[in-house]
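Student: model the structure of this input:
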Amino acid sequence: MVCAKTVVELGRKALHERLYGSREGHARIAPLTLVCAALAFAAVAWSPSTATAAPPANPRFAYASAPNTNEVMINWEPLATFTGTEAQVKYHIYRATAAVGPYSEIGVSTGRYTISYIDKGTVAVPLWYKTRYWYRIAAEDAGGLNLTPQYMTGTPTGVTAEALMSPTTGPPIEPRGLEVTSTVSGSTVQKVTLSWLAVTGPNVLRYDVWRLTESGSDGTYIGSTANGTTTTFDDTVSGLEVERHYWYRVAAVASDGTVGAKSFEIHIQPMANTVFDPPHSGASPTGDSCLQCHDPHVAPSPTYLLNIEAGSEQEFCTSCHDGTGSRYDICSDFVNASVNSRHPVDFGGWIGGDLTCTDCHNPHGDPSVSGSYKLLSAYGEVDSIEYCLVCHNPSTPDDSTYTERTRDMTAFRNSSHNGPGIADPPSGTGIKCRTCHLPHSSPNEDLLMYSGYRVCLPCHSNAPEGASLGSPDIYARMTASSRLDAHHDILRRDQIQPGAGAVYCENCHNSHAASSAAPCINPYDPAPWNPYPNTVAPAFAAITNLPKNSFCFECHDNSLPSSIDTTPWVDPPVWSDSDNNGNTTSDLANITSNWASQRHGKGSTINENVWPDVTTLYGANPEMPCSSCHEAHGAVNLHNLRSDIAGRTGLMVVNMPQVTGGSGYDTRFWCMGCHKDANATHTSGGKTWATFPKDCSRGGTCHTHTNSAGQF
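Tutor: Okay, here's the model as predicted:
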């Protein structure tokens with residue numbers, strides 16, 4: 001009997017591989033072996049003593065789409081009937097590069113309602129860019145595996161069956177893991193070297209590189225790698241300057257010439273390495289280091305016996321710190337024409353301000369003080385963020401130097417950006433402000449290393465290359481769809497589109513105050529000391545820890561903060577007119593108007609017509625958090641509707657294809673993460689999963705936030 005079962009299994013595998021190819025898509029079985037195995041399979045499988053239940057019918061339809069990356073999202077109909085238990089149901093996913101095949105099995109989803117799969121390819125067989133793929137789904141239960149996986153049967157639920165089942169993958173994603181170093185000889189920059197992680201894909205032709213002299217600009221194309229396997233590049237152009245700020249970006253280029261998304265900027269400021277005799281800190285009392293600054297007998301300056309007469313303290317310091325006597329050209333930091341923000345140090349009338357060099361530095365240093373790095377000393381503070389908070393605190397005098405925007409940053413003490421997850425700067429100072437800010441001046445606003453949101457995303461786009469669309473990577477979410485109505489318009493690429501709005505990170509967050517306990521700021525008063533009181537985080541990871549929806553309603557009540565509210569912290573948000581009708585309020589619905597009566601809001605119970613375990617997950621009658629259905633930063637689907645929703649099987653990946661005629665989106669898979677289709681209204685007249693209304697909102701007349709019936 002064991003031998004017979006073995007023969008049966010061999011026969012089943014032989015038939016499977018003969019018809020559809022092996023899992024690798026290239027194994028084949030000799031015809032004689034196939035015939036013998038098939039005869040043995042038939043003889044044993046259909047003998048009266050071994051008869052079993054028939055394999056299940058395969059799903060009747062499925063969706064597949066490739067958003068903006070080299071991965072494909074697939075959803076399919078759950079089995080209506082099956083043999084055994086729900087846990088015994090398996091779905092086998094097959095892929096081909098032509099509608100007729102051959103098809104190779106690429107994965108299995110286990111569980112009757114585990115009806116989604118993300119195809120990211122493999123290292124050995126990655127997905128090709130701008131390539132069309134076809135998919136089939138085969139079902140298995142206690143009765144066995146149905147060896148006729150379906151492409152599409154029944155009535156197509158989209159434009160065409162091919163459009164639903166044959167997505168085309170997008171261009172290469174942006175390179176990750178960008179790093180930069182410089183090689184300097186004296187005061188001459190010999191080269192700047194870039195390195196990055198390879199973008200997975202068999203048809204990466206090369207990588208293109210851009211140099212920027214201003215953060216946020218398009219930059220200048222400076223060259224390419226020789227091939228798609230080289231992930232380093234040397235910028236050796238003459239004219240690169242020490243102490244100058246540069247930014248670089250890299251993009252993968254496909255074999256057809258399509259340029260993928262550019263990486264985020266990476267910043268470098270090459271420093272001179274000329275060796276000078278240092279006069280500061282630790283000078284031998286028997287040496288002549290002191291004499292570089294002092295002359296005890298004939299000093300031209302009577303103050304401190306300085307051997308150089310200068311009009312101000314900073315002029316004296318920059319007599320060396322202009323590159324002639326020190327590798328640190330501090331003078332250029334302050335007087336460079338490209339400077340847009342600087343600490344207010346007065347250089348003999350060049351720049352107005354009331355700070356001097358010794359407000360932040362001790363020119364003699366103190367070898368006995370542990371942590372006195374780079375001569376830092378601000379009224380006794382020599383390291384950690386307390387060094388900066390000597391000035392940036394609420395007791396700082398209210399004058400032209402310290403504005404409301406720059407004065408009180410003490411909230412940073414408890415910010416996650418000051419936590420153990422943020423590395424100290426290489427200098428060893430422990431001043432984590434240096435992660436985002438430059439110390440003396442910057443070509444950008446607020447002494448920032450990058451301009452605008454770009455200062456946030458180098459860290460908040462750190463998921464490894466090839467990460468799933470379910471990743472917490474904020475950048476991946478904001479670029480998961482190219483549609484303006486699928487994310488907030490934060491990126492420059494969105495804001496320059498017709499009908500786009502503008503939203504800024506600081507409208508919802510304050511980097512100096514954000515923490516896991518209070519990640520959001522009051523949109524109407526985004527000061528760092530004013531976190532939004534009802535925010536709970538993380539909003540979605542712990543679904544029972546429900547955040548207050550009132551934060552979203554600060555804007556989604558058909559009103560927005562004005563410049564009076566947000567000044568001086570951030571520009572006010574401007575809502576998108578993606579409908580292009582000139583009426584921006586039509587895109588900013590007043591959700592609060594019906595929220596009190598809605599079943600997802602504070603209205604009647606939500607557990608009608610939902611799966612039992614969904615009721616357990618969300619409770620009997622809570623106010624549903626907005627984050628259960630929406631991802632604030634962006635998603636694959638329209639209206640920021642999550643692709644990774646919490647439903648019957650925990651997290652499931654769902655995409656919503658457009659229905660015929662473009663009148664709406666097929667929301668069945670998305671809604672049925674929680675809801676059954678057994679409602680009498682939906683199933684009357686013989687309607688089933690495959691036939692009842694595809695667009696649950698029905699053009700805004702059935703299930704929406706703002707319909708008059710409040711059925712949502």
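
Student: least confident secondary structure element in this structure?
Tutor: helix 31-45 (a mean of 35; mean pLDDT, DSSP states H and E).

Student: and the pLDDT at residue 19?
Tutor: For residue 19, the pLDDT comes out at 38.

Student: also the one 4 residues further on?
Tutor: On pLDDT, residue 23 comes in at 38.

Student: sec struct for residue 222, please.
Tutor: With DSSP: H, G, I helix; E, B strand; the rest coil as the basis, residue 222 sits in strand.

Student: I'd like to know how far residue 519 sits from residue 625.
Tutor: Counting by C-beta to C-beta, to the nearest Å, the gap from residue 519 to residue 625 is 14 Å. Every C-beta, even on glycine, is put in place using the N, C-alpha and C of the backbone.

Student: nope, residue 382 is what I was after
Tutor: In terms of C-beta to C-beta, residue 382 sits 45 Å off from residue 625.

Student: where do the strands of the stretch 1-150 of the chain begin and end?
Tutor: Assigned strands in the stretch 1-150 of the chain, in chain order: 62-65, 72-76, 90-96, 104-110, 116-119, 134-141, 144-145 (criterion: DSSP state E, counting those that start in this stretch).

Student: turn the ones you listed into JSON lines, including distance to residue 179, mean neighbour count and mean pLDDT.
Tutor: Compiled in JSON lines, the strands of the stretch 1-150 of the chain are given as follows (distance: least, C-beta to C-beta, whole Å; neighbours: other C-beta atoms under 10 Å; pLDDT from 0 to 100):
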{"stretch": "strand 62-65", "distance to residue 179": "34", "mean neighbour count": "23", "mean pLDDT": "80"}
{"stretch": "strand 72-76", "distance to residue 179": "31", "mean neighbour count": "24", "mean pLDDT": "85"}
{"stretch": "strand 90-96", "distance to residue 179": "35", "mean neighbour count": "22", "mean pLDDT": "91"}
{"stretch": "strand 104-110", "distance to residue 179": "34", "mean neighbour count": "17", "mean pLDDT": "92"}
{"stretch": "strand 116-119", "distance to residue 179": "29", "mean neighbour count": "20", "mean pLDDT": "88"}
{"stretch": "strand 134-141", "distance to residue 179": "38", "mean neighbour count": "24", "mean pLDDT": "88"}
{"stretch": "strand 144-145", "distance to residue 179": "48", "mean neighbour count": "16", "mean pLDDT": "86"}
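
Student: make TSV from the ones you listed and add distance to residue 426 to it.
Tutor: TSV is the format used below for the strands of the stretch 1-150 of the chain (distance: least, C-beta to C-beta, whole Å):
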stretch	distance to residue 426
strand 62-65	44
strand 72-76	41
strand 90-96	46
strand 104-110	43
strand 116-119	38
strand 134-141	48
strand 144-145	57
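
Student: give me the phi and psi for the residue of the chain most remote from its centre.
Tutor: Distance from the C-alpha centroid of the chain peaks at residue 297, with 63.7 Å (C-alpha atoms, centre = their mean). The phi/psi pair for residue 297 (degrees, to the nearest 10) reads phi -110, psi -50.

Student: confidence score at the closest residue to residue 278 other than its chain neighbours?
Tutor: Among residues not flanking residue 278 along the chain, residue 289 sits closest, at 7.3 Å (C-beta to C-beta, 6 or more residues apart in numbering). For residue 289, the pLDDT comes out at 74.

Student: cool, and residue 402?
Tutor: On pLDDT, residue 402 comes in at 67.

Student: does residue 184 belong to a helix, a strand or coil?
Tutor: strand.

Student: show me what it bridges to in the sheet.
Tutor: residue 189 (DSSP bridges).

Student: ok, now how distant is it from residue 270?
Tutor: Taken as C-beta to C-beta, the span from residue 184 to residue 270 is 5 Å.

Student: same check on residue 292?
Tutor: 26 Å.

Student: who's more crowded, the two?
Tutor: Using other C-beta atoms under 10 Å, the more surrounded residue of residue 292 and residue 270 is residue 270, with 23 against 17.

Student: list the contacts for the closest residue in space to residue 413 that isn't next to it in sequence?
Tutor: Nearest non-adjacent residue to residue 413, counting by C-beta to C-beta, 6+ apart: residue 385, 6.8 Å away. Shown in contact with residue 385 (C-beta atoms under 8 Å, 6 or more residues apart in numbering): 412-413, 418, 430-433.

Student: quick one, what contacts the closest residue to residue 261 other than its chain neighbours?
Tutor: Counting by C-beta to C-beta, 6+ apart, residue 261 lies nearest to residue 174, which is 4.1 Å off, once chain neighbours are set aside. Shown in contact with residue 174 (C-beta under 8 Å, 6+ apart): 199, 250-252, 260-264.

Student: my read: residue 333 touches residue 442, true?
Tutor: No - with contact defined as C-beta atoms under 8 Å, residue 333 does not count as touching residue 442 (9.1 Å).

Student: so what sits against both of those two?
Tutor: Common neighbours of residue 333 and residue 442 (C-beta under 8 Å, 6+ apart) are 339, 342.

Student: one step back: shared neighbours of residue 184 and residue 270, anything?
Tutor: Counting by C-beta under 8 Å, 6+ apart, the common neighbours of residue 184 and residue 270 are residue 242.

Student: all helices for the stretch 501-650 of the chain, in order.
Tutor: Secondary structure of the stretch 501-650 of the chain, counting by DSSP state H, counting those that start in this stretch: helices at 505-508, 550-553, 563-566, 592-595, 612-618.

Student: would you turn these into TSV with mean neighbour count, distance to residue 84 and mean pLDDT?
Tutor: Formatted as TSV, those follow (neighbours: other C-beta atoms under 10 Å; distance: least, C-beta to C-beta, whole Å; pLDDT from 0 to 100):
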stretch	mean neighbour count	distance to residue 84	mean pLDDT
helix 505-508	23	48	93
helix 550-553	18	43	83
helix 563-566	14	59	94
helix 592-595	18	43	71
helix 612-618	15	19	69
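
Student: looking at these, which is closest to residue 79?
Tutor: Closest to residue 79 of these is helix 612-618 (C-beta to C-beta; 17.6 Å).

Student: low-scoring stretches of the stretch 201-350 of the chain, by residue?
Tutor: Scanning the stretch 201-350 of the chain for pLDDT under 70 picks out 281-288, 348-350.

Student: helices of that one, residue ranges please.
Tutor: Using DSSP H, counting those that start in this stretch, helices in the stretch 201-350 of the chain cover 313-317, 330-335.

Student: do you know which of those helices lies nearest residue 147?
Tutor: Among those, helix 330-335 sits nearest to residue 147 (C-beta to C-beta), with 71.5 Å.

Student: other residues contacting that closest one?
Tutor: If you take C-beta under 8 Å, 6+ apart as the criterion, helix 330-335 is touched by 243, 317-318, 321-323, 339, 342, 345, 347, 350-351, 440-441.

Student: buried ones among those?
Tutor: 243, 317-318, 321, 323, 339, 342, 345, 347, 351, 440-441 (16 or more other C-beta atoms under 10 Å).

Student: nearest to residue 391 among those?
Tutor: Looking across these and measuring by C-beta to C-beta, the closest to residue 391 is residue 345, at 12.7 Å.
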